[in-house]
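J.: Quick check, what structure comes out for this input:
(one chain, ligands or ions: 1)
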Amino acid sequence: MIKTDIIIVGSGIAALSVANTLCKNGRKAVIITKALKSSSNSTLAQGGISVALSENDNYNLHYNDTLEAGCYKNDPESVMTLVSKAPDVLEEFIKTGMKFDTDEKGNLLFGKEGAHHISRIIHAGGDRTGLKVMEELFSRINENITINENEMVLELRVKNNECGGVITRDNHGNINSYEANYTILATGGIGQLYPCTSNDITITGDGLAMAYRADIVISTPEFVQFHPTMLNINGKTMGLVSEAVRGDGGILINQDGVRIMEGKHPLKDLAPRDVVSRVVYDHYLKGDKIFLDISSVENFNGRFPYVSEICDKNGVDLSKNIIPVRPGAHFHMGGIKAKPTGETSLPGLYAVGEAACTGVHGANRLASNSLLEGLVFGRLTAENIMSSDRTAPRFDDEIPNIQIEKLPDKNEIRNKMMEFIGIVRYKNKIPEIIKWFEEYIPSGSDKPMGKIDFTKTTNSEFEIYNMLTAGYIIAKAALKRNESIGAHYILDKE
Ligand code: SIN
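T.: Next up is the predicted model:
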């Protein structure tokens, strides 16, 4: 048994925000991450951070845009907490050394993205915001934080409705049991459940699956956001083409040069993501080729160095001013139900960032609100923990005698998810995928996709089991929701 005070699972922006607040206040924590610490969606993030800091903006306007994009399925109180705290958190981040992009006079530059009625997105390094912010946060970590890379958290340790830490397998194959007073899940979302995604390869719904096995309340998992513009090379997704490109004048066209968002929404190419994704997908299914026309974007290479780099690597000639695109899974609005201060339904367990569903995103997340959520709610979670006093319950681990009998290939799961629970959904088809998932329920489970004997699986098998579990949870919730709203778009309404 390894005794610790605080465990943070994951190493993206939410995890680092918690860790930074803790360590600068003298609290120790262990970050456990299943790959390298840099393997996260945060590091890949191109879009920036939305914050009401420009002269003609205020947080009430940010609040309104967040609710409108979320189809008013958001938790208004959580949204208000996020947008009202954002200016102070970002101002302090800047004052203490974080460099966002500015004009020659040193004034912050504000960009625009989908569904924002005002330019309020700040960037760093053009489209390398995620990387720059993560580099800054890692540089602030002090000796109070230990980072264990290549160690996979398999289960939460739970007894008598309390969380007392985690069970992991490290890179030597050892099973470790950590006793912790506070356990924080910051494992990110579920992007790798789909064949086309902007997400890091490690993002396989592990936190969601673990929470489900521990009977923790999960909220609106059916809301999965697709981003309209992934770089599309012969049907394969080779990275994201930031929405900020459309914010700077990029236009979606078909192979004949016709604007595809004309007449589809008053905000046209900058309509909410769910709307744009459906239009692009519709064309894609008809066999059209869709491109981003960047001819009116000034200084494309300077403004979007990362997109330029991935285009270049994949043989896209930017001098032709068109980039081939298609939609892909991008963000999970649903997840482990949590407060902005991190508490979940299980005492001792906290969730932050994309793994959590704090209700801020509703049925469709507003662009550039996710790095913001990680920063702001990560800090609130750390402050909450610092002001509480909790001792981990003492108990012995129990390993269930349930074995995985068979597992599909990861790509089989991805293709099924896209077909049945993708950008558009048919209610009458969802039972088919649920039935398919049910073929993989190990016999003797106390519930579908319940706890298994992790000592008898490899990490890679366990990851597939987590993907199956997360997919099953999403499918069940999608079947339950009858209204067609935001990212849950049903084509065969009763
Ligand atoms: C993007 O750059 O388009 C992504 C930004 C986001 O997801 O908020």
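
J.: Could you measure from residue 324 over to residue 292?
T.: Applying CB to CB, to the nearest Å, the value for residue 324 to residue 292 is 8 Å. (Each C-beta comes from the backbone N, C-alpha and C, glycine too.)

J.: wait, residue 347 sits on residue 160?
T.: No. Assessed by CB atoms under 8 Å, residue 347 is found out of contact with residue 160, at 9.8 Å.

J.: Give me the more crowded residue out of those two.
T.: residue 347 (13 against 8; other CB atoms under 10 Å).

J.: How about the contacts made by that one?
T.: 161-163, 390 (CB atoms under 8 Å, 6 or more residues apart in numbering).

J.: Scan the residues you listed and report the most crowded one.
T.: Neighbour-wise, the contacts of residue 347 (other CB under 10 Å) top out at residue 163, 26 neighbours.

J.: and that one, that's in a helix?
T.: No. Secondary structure of residue 163 (DSSP: H, G, I helix; E, B strand; the rest coil): strand, not part of a helix.

J.: sec struct for the closest residue to the ligand within the chain, please.
T.: Minimum separation of the chain from the ligand (CB to the nearest ligand atom) falls at residue 47, amounting to 2.4 Å. Three-state assignment for residue 47 (three-state DSSP): coil.

J.: cool, residue 16 as well?
T.: Look at residue 16: counting by three-state DSSP, its state is helix.

J.: My understanding was that it contacts residue 134; is that so?
T.: Yes. Using CB under 8 Å, residue 16 is in contact with residue 134, at 6.7 Å.

J.: quick one: which of these two has more around it?
T.: residue 16 (29 against 23).

J.: What is the neighbour count of the closest residue to the more buried one other than its chain neighbours?
T.: Excluding the flanking residues, the one nearest residue 16 by CB to CB, 6 or more residues apart in numbering is residue 137, at 4.0 Å. Other residues within reach of residue 137, judged by other CB under 10 Å, total 23.

J.: Secondary structure element for residue 137, which one?
T.: Taking DSSP states H and E as the criterion, residue 137 maps to helix 129-140.

J.: So which bits of that helix are buried?
T.: Going by neighbour count (16 or more other CB atoms under 10 Å), the buried part of helix 129-140 is 129-134, 136-138, 140.

J.: from those residues, which single one is nearest residue 263?
T.: Within these, the smallest distance to residue 263 is 32.3 Å, found for residue 129 (CB to CB).

J.: pretty sure the closest one is touching residue 48, no?
T.: Yes. Assessed by CB under 8 Å, residue 129 is found in contact with residue 48 at 4.5 Å.

J.: Give the intersection of the neighbour lists for those two.
T.: 122-123, 371.

J.: can you pull the contacts of the closest residue in space to residue 85 that isn't next to it in sequence?
T.: In space, and not counting its chain neighbours, residue 85 is closest to residue 376: 5.2 Å by CB to CB, 6+ apart. By CB under 8 Å, 6+ apart, the contact list for residue 376 reads 17, 81-82, 85-86, 89, 340.

J.: How about residue 11?
T.: Residues counted as contacts of residue 11 (CB under 8 Å, 6+ apart) are 31, 33, 37-40, 147, 186.

J.: So for stretch 246-259, what gets flagged as buried?
T.: Buried residues in stretch 246-259, counting neighbours by 16+ other CB under 10 Å, are found at 246-248, 250-253.

J.: Identify, from those, the entry nearest to residue 75.
T.: Distances from residue 75 to the buried residues of stretch 246-259, taken by CB to CB, are shortest for residue 247, at 26.9 Å.

J.: Which neighbours do residue 324 and residue 292 have in common?
T.: With CB under 8 Å, 6+ apart, residue 324 and residue 292 have no common neighbours.

J.: Once you drop chain neighbours, what's closest to residue 2?
T.: Residue 2's closest residue in space is residue 178 (CB to CB, 6+ apart), at 4.8 Å.

J.: Regarding the one you found, what is its secondary structure?
T.: Under three-state DSSP, residue 178 falls in the strand class.

J.: sorry, back to before: just the ones in strands from the buried residues of stretch 246-259, please.
T.: Judged by DSSP state E, those include 251-253 as members of strands.

J.: Just send these back as TSV, with pLDDT too.
T.: Below are these laid out as TSV (pLDDT from 0 to 100):
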residue	pLDDT
251	98
252	98
253	98
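
J.: distance of the residue nearest to residue 16 from residue 124?
T.: Residue 137 is 12 Å from residue 124, by CB to CB.

J.: go on, residue 174?
T.: 39 Å.

J.: what's the spacing between the residue nearest to residue 85 and residue 400?
T.: Taking CB to CB, one finds residue 376 at 38 Å from residue 400.

J.: Ignoring the adjacent residues along the chain, who's closest to residue 356?
T.: Nearest to residue 356 is residue 338, by CB to CB, 6+ apart, at 3.9 Å.

J.: Tell me how many other residues crowd that neighbour.
T.: Neighbour number of residue 338 under other CB under 10 Å is 29.

J.: pretty sure it contacts residue 351?
T.: Yes. With contact defined as CB under 8 Å, residue 338 and residue 351 form a contacting pair (4.1 Å).

J.: shared neighbours, those two?
T.: When CB under 8 Å, 6+ apart defines a contact, the residues bordering residue 338 and residue 351 alike are residue 344.

J.: Contact residues of this protein facing the ligand?
T.: Applying CB under 6 Å from any ligand atom, we find that the chain lies next to the ligand at 46-47, 242-244, 367-368, 370.

J.: Pull the contacting residues for the nearest residue to residue 7 once chain neighbours are set aside.
T.: Leaving out its chain neighbours, the residue that sits closest to residue 7 by CB to CB, 6+ apart is residue 180, at 4.3 Å. Residues near residue 180 by CB under 8 Å, 6+ apart: 4-7, 30, 164-166, 348, 392.

J.: Format the residues you listed as CSV; extra columns: pLDDT, distance to residue 447 and neighbour count.
T.: Listed next are these as CSV, based on pLDDT from 0 to 100; distance: CB to CB, whole Å; neighbours: other CB atoms under 10 Å:
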residue, pLDDT, distance to residue 447, neighbour count
4, 96, 29, 19
5, 97, 32, 17
6, 98, 29, 23
7, 98, 25, 24
30, 98, 30, 20
164, 97, 21, 24
165, 98, 22, 28
166, 98, 20, 26
348, 98, 21, 22
392, 92, 25, 20
